[in-house]
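Chemist: have a look; sequence and predicted model below, questions after that.
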Amino acid sequence: QVQLVESGGGLVQAGGSLRLSCAASGRTYSIYVMNWFRQAPGKEREFVAAITWNGGIANYAASVKGRFTISRVNAKKTVNLQMNSLKPEDTGVYYCAARVNGGDAYWGQGTQVTVSS
């Protein structure tokens, strides 16, 4: 199994920045992609960004492209999400998720991001 712990959420004004981190432990050798999702109140969980664990190839939702940057530090088994130019619509609980070889997915507990207007 893989355990994930997110950190770095908080309250920020519109236009500000936050950096989220996701620390992985356990069978991290089995991870092939790490994702960030978010869920706003009353809405479904949506994809934000992803990065392959070994190749570092990144992919973003259209709504965050150009503002958010996903990166990984394999030695620290950590994936970061740098969020700039934040908007009120970026508010939500942000979840880190790992997809492992074999197809299973593991989720963190989430971290709250609130962007005030």
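Modeler: Thanks, I have it.
Chemist: what pLDDT does N35 get?
Modeler: According to the predicted model, the pLDDT of N35 comes to 97.
Chemist: against which helices or strands is the helix or strand hosting it packed?
Modeler: N35 belongs to strand 31-39 when elements are defined using DSSP states H and E. Strand 31-39 sits against strand 18-26, strand 46-52, strand 68-73, strand 78-83, strand 92-100, with contacts defined as 3 or more C-beta pairs under 8 Å, 6 or more residues apart in numbering; DSSP states H and E. For glycine as for every other residue, the C-beta is placed from the backbone atoms N, C-alpha and C.
Chemist: repeat the analysis, applying 7 Å as the threshold.
Modeler: Using 3 or more C-beta pairs under 7 Å, 6 or more residues apart in numbering; DSSP states H and E as the contact definition, the elements that strand 31-39 packs against are strand 46-52, strand 92-100.
Chemist: which residues touch the helix or strand that contains V5?
Modeler: Counting by DSSP H and E, the element that carries V5 is strand 2-7. Taking contacts as C-beta atoms under 7 Å, 6 or more residues apart in numbering, the residues outside strand 2-7 that touch it are 20-28, 31, 94, 96, 98, 100, 106-111.
Chemist: partners of the following helix or strand past it in the sheet?
Modeler: Past strand 2-7, further along toward the C-terminus, the next helix or strand under DSSP H and E is strand 10-13. Sheet pairing of strand 10-13 (DSSP bridges) gives strand 111-116 (parallel).
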